[in-house]
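Enquirer: Attaching a predicted model along with its sequence, questions to come.
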Amino acid sequence: MIRKLAILALVFALALVIAPRPVTPAKAQDVTITWATIAGFYTDWAEEVARQYEESTGVNVEIIDIDFPSLYENQVLEAVADTGAYDILTYDVGWKAEFSESGYLLPLDDYIANADPAVIAFDDISPALTETTSKWRGKTFGLPYYTFTMGYFYRCDLFENPDEMVAFEAEYGYPLGIPQTYEQLADIAEFFRREPGETLAGKTVEADFYGIGLMAARAPHVQDEINSIAWSWGYKVIEDDGTPGVTSEGFLKAVNLYVNELLPYAPPGATSSAFDQVVAQMRQGLIAQTAAFYLDQYPNMVKTEEEVEGARICTAPAPGAHTWVGAFGLGVSSDSEHPQEAFDFVAWLAGPEAQRAFAAGGGSTSRVSILTDAAFIAEHPLTAGHYPTLQFVLDHTAKSNFYPNYLFVPQGGKIYDEMTTWYSAAASGDESPEGAMEKMAEAIERQCDGLCEIANDALGENYTPVPMPFDYETFLASGAYDIDVWIANQGN
Amino acid sequence: MSTNSAVYQADSDLKQTARAAPKKQLISDTVYSVLLIAPALVLILFFALIPLGYAINVSFRFADLTSPRGVDNYVGLENYHFVLNDDFFWEAAQRTLFFAVIAVAVEMIAGVAIAFLLHEMRWFKGITRSLIILPLAASPVAVGLIWRNMYHPDFGVYNYLVSLLGISEQNWLGDPDLAMYSVIIFDVWQWTPFVILITLAGLQALPKEPFEAAQLDGASTWRVLRTLTFPMLTPVLTLVFVLRTIDAIRLYDAVFSLTSGGPGTTTEVLTYYLYRTGLRFFRMDRASAMALLFLYVTVVFTGLVMRRFMRNIAARTRQMAS
Amino acid sequence: METQRISFGLFFRHFLILIILIVFLFPIYWMITTSFKSSEDILTRPPKFVFEPTLDNYRFAFEEADFTKFIRNTIIVAGLSTILVVTFGSIASYSFARWNPGDGHIMFFILTTRMMPAIAVIMPFFLIFRDLGKTDIGNRFYLGLDQPGALVVAYTVFNLPFAIWLMHSFFQDIPMELEDSARLDGYSRLQVFFRVVLPLAAPGIAVTAIFSLLFAWNEFLFAFVLTRDDARTITVGVSSFQTQQGILWGPLTAAAVVCVVPMLVVALFLQRYMVRGLTFGAVRG
C-alpha cells in the first residue's frame, strides 16, 4: 500500500513537471475580456449573447458567475489586490459610489462620447436608472443592464372579490384596493389574515392564510422593504448633513410599522425568508400581497395563476411609489488591459439590440423604448406583464428626483451590509426597533468615520429633498396593474 | 518490555562486530531528524509565518484596503485598543464561547454515550458503525445549505416532523432565541460521530485483563466505569476535547451557510464578525488585531490543556532514545 | 461481555441505536431524495415524501453549471494535497516520534499554526499566490490565483499539523527494538523507515490520508477566495446556485449530493481503517 502511494505520488509529481504551462493566447490580435457577474438565469442568457457577440466581433467573452451573496467581496478583493482578473464588473446600485470612488471602475464618458449613438442610445436608458446606477460626481461609471426596481404584487382575484370588498369597507371605512399608503397596506395585511376554518373569497380555508409576505431574513432584501417605508414618508438613512437618520422619530415609526403592523400578519417563516421564499409563499397560495417587492420577479410570481386555482396576480407601485429604484450596473474595471473592448461589450449588452433579446428572454430591461413597447408587451404577457407598472415607478422617480442619500456615499457597500444586519435584528425581535436603529447609527458612523460624505452634486441642481405624491388616478386609469386590462386599453 | 530489551541488548552485543564496517553514517542522527522534518517545516514556516508577519505588521498600521490610503502609516496600539473596546467584538466573543461550550459538551456526552451503546451491540455492529459516521464526511457548506431548507418554517421538513410529534412549529433559524440552538443542533449532528469514532477506538483498545479481574471480583458496572473505563479513556477524551474545542471556536462554515450570522446578530460568532471586518469592510488592521488576539487565546488554552500531554510525549521520546 | 444473554435490555439497546441511526441519517436521506424532486415539489407545504422522481436537477447541474469541471478540480486538488500531506507529514512525524527535534517546541508550534482562523490568513494567502502566479516556478506549478496548485499548497499547509499530530503516536508505538535490529541486519536508516516503520504505521497513514482527503474535499473558504472559474471546486460550485433569481434548490441539492456522496462512500468503506487506525495510534495518547 505504501509503495503504491509513493509511486502514485511520484507519477503525479512527474505529471506536474512535464505538464505544459498554462496556455497563452495563440494569436496576438485575440482579445479575451472577463466579465464577473451574478450566477443565475440572467447569466445563462448572457452566455448565449456573449457567444453571439464573439461570433460577430471576434472578441472572446469569458463569464465568471459568482453567487449573489459573495459578489461584493469577491470583486472588491480582486480590485484591491490589483489582480486585473476582471475586465467588466457587475455592481449593485448601493455599491456604485464605493466602486467609483475607490477607483475600481473606469469613467466611461469619453468612451460614450466616441461610441456609435445607434449602438449605445444612452438617452433611451430610463433616467431614474442612469441617476442611480451610472452617475457619480458628474461622471458615468457604468450602464444598467437589468433592473430590480421595486413595486408591489397582490392577488387581484381576492382584492376584487365582492364579499371581501364589502367586508373590508365595513371594517376599515374605505374601499379595498391598491394600497396608496403603508397604513393601508397594514390594514389589508391584517384583513386578509385567516385561520383554518375561516372563509376566504367564499371558500373555507384549510391552512393558515397570511395577509402579507415579507423577506425579513438577514439578507439585503429586508433593508429594501424597510427603507421603502421610511423613504415614501421622506425619512432618510443618512440625512442631508451626513449624519445617520435612522434614529429620528419618523424613521423609527417606519421600522415600528414594519415590525408591529406588518410582520404579525406574515407567515412565521418571514424572518427566515428572502425574496424567493416569498415567491414560493405566493405560489403556494399562502399570502395575499407583498410589501415593496422586486418587479423583476413577475415571471415567477405569475406562475401562481397556474398553480393556485382562480388566482390572478397584479402589480402596482409600492405604497407612495418611492422605493428601491435600481439596477445591476456593468462597468469597466480600471485594472482592465482591454478597456475599449470591455466597454464595447458593455455598451452592446446594455444597448437596444441585446436588451430586446434580454427582455424577450424574461429579463427586466432598463430601456424605455422596450418598457413602453405595447406590441412587445402584448406578445410577452407572462414575462413582461410588469413593464407598464415598472415604467410608472421609474417615471415617477425621475420626475420627483428624490433618491436615497446612501446611494451617493462612498461607503455604500459597507453601509448596505450594516443595514442588513440591524434591520434583521429589529425584524426578528433580537433587538427593539429603537435599540437596533441605535446600533445601526453607530455602525454607519463607524463606516463613514464620522460624518458621511454625500456627493449631492451628483443629483443635479433641482434636487428636491421631499417625496412627491404619486398620481394614482392616471395609474388606475391606464390599467397597468392588470396586464390584461392594460393590453385591452391599448386598443382604444 | 524489560525482558525483551534485554534480549535485543544481547542480540546487538552479538552483532556489534557485524555492523561496524558498512554502517558508517554520512550524517548524524540530529541532522537526519532535521532533514526529515524539513519539507513540512519549510512549507509551514513559509505559509504560516508570512501571513502571520503580514497580520502582525498590519495590526499596528492603518489599513483600510478599500480606501485610497490602503495599508498606511503605523498607528501603534490603536487597533488593539479599538478591538478591545468594541462592543460588537465582545458580543461575538460571548456567542462563540456559548456555542463552543454547549456544542462541545453535548457532542462529548452524546458521543461517549452512543459509543458505549455501539460497543456493546451484538448484531449489525459493523454496518451501524459505518453508517453513523457518515455526517462527518459531508461538506459543511453543502449540507448546511440543505439544512437551511430543511429548517425553513413554512416549507421545511423539520417543522413537519415536529408537528407530527404534536409540538408547535418553530422558526428554527429566524427566531433569535432559537437560532443559535439550531446551529448547535447542526454542529452536533455533524461532529458527534467524530467523538463516537474516537471513543469507540479507545474502547476497543482497552486491555481485557483488568476488566476480567473486576468481573471476577463482582464489581458493579458503575464501579467498573468509574475506576477502570473512564480513567483509561481519559487521554483519548482529552484529545477529542481539544480537537473539538479548537474547531468549535473556529466555527465558520455552518454559520455562513445556515444563517449568515442572523437573525440580527444572534449567530454572529467571532469568526463571522472577523469575516465581515476583513472581507466585507476590508479593515485589515482591525481584522488582524482581532485574529491575533483570537490566536493568542486559543494557543494559551491549548497549551494549558495539552501541557501534560506534551510532557508525556517528551518523556516517552527521551525514554525511547535513551 | 461475551456471556451477555439475549434479554430485553439487549433488544432495547439495539432499538435505541436504530432510533439514533435514523436521526443521524435522516438529513442525508432527505438531501438525496430532494435532489430527485422537480422544482415545484421542493418548496411545498407540507413537504412531499412521495413524488415523481426526475433527473432534471442533475441535468441542470452538469449542463448549465459545468459540474464536471468542478469535480475534476476537486479530485486533483484533494488527491494531490493528500499525497503531499501524507508524504511530508509521515517523515516529519516519524522524526518527531523518534528524535523529537526542538524538544516538543517545534511540534507545538506546528500545532498552533492550525489555530489561526482561516479568515485571518486568507488575505495574505491571496497576495502570496497572486505574486507566485507571476513567477516562473509559480507558473510551471500552477501556483497562481484560480489555479489548482495554489489550493493544493494551501490545503497541504493546513492539513500538515493535523497529520503530524495524528501520526505521531503511531510512530511512537513502533518498538525501537525492531528498528535497531533492522539496522543490525544491515539496513540503512532510509531502508529502516521504508521497509520496517512505514508498513507498521500503515493504519495510521491510512487514517491520516482519509481525514486529509475529507478536509480538502469539503473545504470552502480557501476554494472560494483563491479560485474564480478555472480552478473552482465543487463546494464553491454548490454555493453558486444562490442566484439573484433566488436559491435554485433543486440543482443546488443535486450538486450537494454530487459533492457529498463520494466522501460518504469513502467513509463507509474505509471506516474500518479509521477505527482500527485510531485504535492503534491516537488513542494511546
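Expert: Thanks, I have the structure now. Residues are numbered from 1 along each chain as shown, chains lettered A, B, ... in the order given.

Enquirer: With only the CA atoms kept, save stretch A:177-190 in PDB.
Expert: C-alpha atoms of stretch A:177-190 as PDB (Å, rounded to 0.1, in the frame of the first residue of the first chain):
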ATOM      1  CA  GLY A 177     -57.900  48.400  -3.400                       C
ATOM      2  CA  ILE A 178     -54.300  49.000  -4.200                       C
ATOM      3  CA  PRO A 179     -52.800  50.400  -1.000                       C
ATOM      4  CA  GLN A 180     -51.700  54.000  -1.500                       C
ATOM      5  CA  THR A 181     -50.100  54.400   1.900                       C
ATOM      6  CA  TYR A 182     -48.300  51.900   4.200                       C
ATOM      7  CA  GLU A 183     -51.100  52.300   6.800                       C
ATOM      8  CA  GLN A 184     -53.400  50.900   4.100                       C
ATOM      9  CA  LEU A 185     -51.000  48.100   3.400                       C
ATOM     10  CA  ALA A 186     -51.100  47.200   7.100                       C
ATOM     11  CA  ASP A 187     -54.900  47.300   7.100                       C
ATOM     12  CA  ILE A 188     -55.000  44.900   4.200                       C
ATOM     13  CA  ALA A 189     -52.400  42.600   5.800                       C
ATOM     14  CA  GLU A 190     -54.500  42.400   8.900                       C
END
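
Enquirer: Tell me the buried residues in the longest helix that chain B contains?
Expert: Secondary structure assigned by DSSP state H gives helix B:284-321 as the longest helix of chain B. By neighbour count on 16 or more other Cβ atoms under 10 Å in any protein chain shown, the buried set for helix B:284-321 is B:284-295, B:298-299, B:302, B:305-306, B:309-310, B:313, B:316-317. Every residue, glycine included, has its C-beta placed from N, CA and C.

Enquirer: Also stretch B:37-50?
Expert: Using 16+ other Cβ under 10 Å as the test for burial, stretch B:37-50 gives B:37, B:39-41, B:43-45, B:47-48.

Enquirer: what does stretch A:129-138 give?
Expert: Buried, per 16+ other Cβ under 10 Å, within stretch A:129-138: A:129-136.

Enquirer: Restricted to strands, list the residues you listed.
Expert: A:135-136 (DSSP state E).

Enquirer: just curious, which of the buried residues of stretch A:129-138 is nearest to chain C?
Expert: A:Thr133 (15.0 Å; Cβ to the nearest Cβ).

Enquirer: which residue is nearest the centroid of chain A?
Expert: A:Phe148 (3.1 Å; Cα atoms, centre = their mean).

Enquirer: Past the lowest-mean-pLDDT helix or strand in chain B, which element shows up next along the chain?
Expert: Lowest on mean pLDDT, DSSP states H and E among the helices and strands of chain B sits helix B:2-20, with a mean of 43. Remark: after helix B:2-20, the chain's next helix or strand is helix B:29-44, criterion DSSP states H and E.

Enquirer: those strands in chain B, which residues are they?
Expert: All strands of chain B, identified by DSSP E, fall at B:61-64, B:70-74.

Enquirer: Dump the ones you listed to TSV, plus mean pLDDT.
Expert: Putting the strands of chain B into TSV (pLDDT from 0 to 100) gives the following:
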stretch	mean pLDDT
strand B:61-64	92
strand B:70-74	87
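
Enquirer: deepest of those, which one?
Expert: Compared across these, strand B:61-64 shows the largest average neighbour count, a mean of 20 (mean count of other Cβ atoms under 10 Å in any protein chain shown).

Enquirer: Which other helices and strands does that strand contact?
Expert: Packing partners of strand B:61-64 (3 or more Cβ pairs under 8 Å, 6 or more residues apart in numbering or on different chains; DSSP states H and E): strand B:70-74, helix B:284-321.

Enquirer: Of these, which is nearest A:Gln297?
Expert: Nearest to A:Gln297, of all these, is helix B:284-321, at 35.7 Å by Cβ to Cβ.

Enquirer: Just want the angle from the closest one to helix B:29-44.
Expert: Interaxial angle, helix B:284-321 versus helix B:29-44 (axes from the mean of the first three to the mean of the last three Cα atoms, to 10 degrees): 160 degrees.

Enquirer: what is the mean pLDDT for helix B:284-321?
Expert: Across helix B:284-321, the average pLDDT comes to 80.

Enquirer: Check whether it comes near chain A.
Expert: No: Helix B:284-321 lies out of reach of chain A by Cβ under 8 Å from any Cβ of the partner chain, never closer than 9.4 Å.

Enquirer: What residues sit buried inside stretch C:262-276?
Expert: Those would be C:262-264, C:266-267, C:270-271, C:273-276, for stretch C:262-276 by 16+ other Cβ under 10 Å.

Enquirer: Please state the offset of that stretch from the chain centre?
Expert: Its chain's average C-alpha position is 11 Å from that of stretch C:262-276, according to Cα atoms, centre = their mean, to the nearest Å.

Enquirer: Please save the CA atoms from that stretch in CSV.
Expert: What follows is stretch C:262-276, C-alpha atoms only, in CSV (Å, rounded to 0.1, in the frame of the first residue of the first chain):
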residue,chain,number,x,y,z
PRO,C,262,-18.1,10.4,-2.8
MET,C,263,-16.9,11.2,0.7
LEU,C,264,-19.7,9.2,2.2
VAL,C,265,-18.6,6.2,0.1
VAL,C,266,-15.0,6.8,1.3
ALA,C,267,-16.1,6.9,4.9
LEU,C,268,-18.4,3.9,4.5
PHE,C,269,-15.8,1.6,3.1
LEU,C,270,-12.7,2.9,4.9
GLN,C,271,-14.4,3.3,8.2
ARG,C,272,-12.7,0.0,9.2
TYR,C,273,-9.3,1.6,8.8
MET,C,274,-10.5,4.8,10.6
VAL,C,275,-11.4,2.9,13.7
ARG,C,276,-8.5,0.5,13.5
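
Enquirer: Alright, I will stop here.
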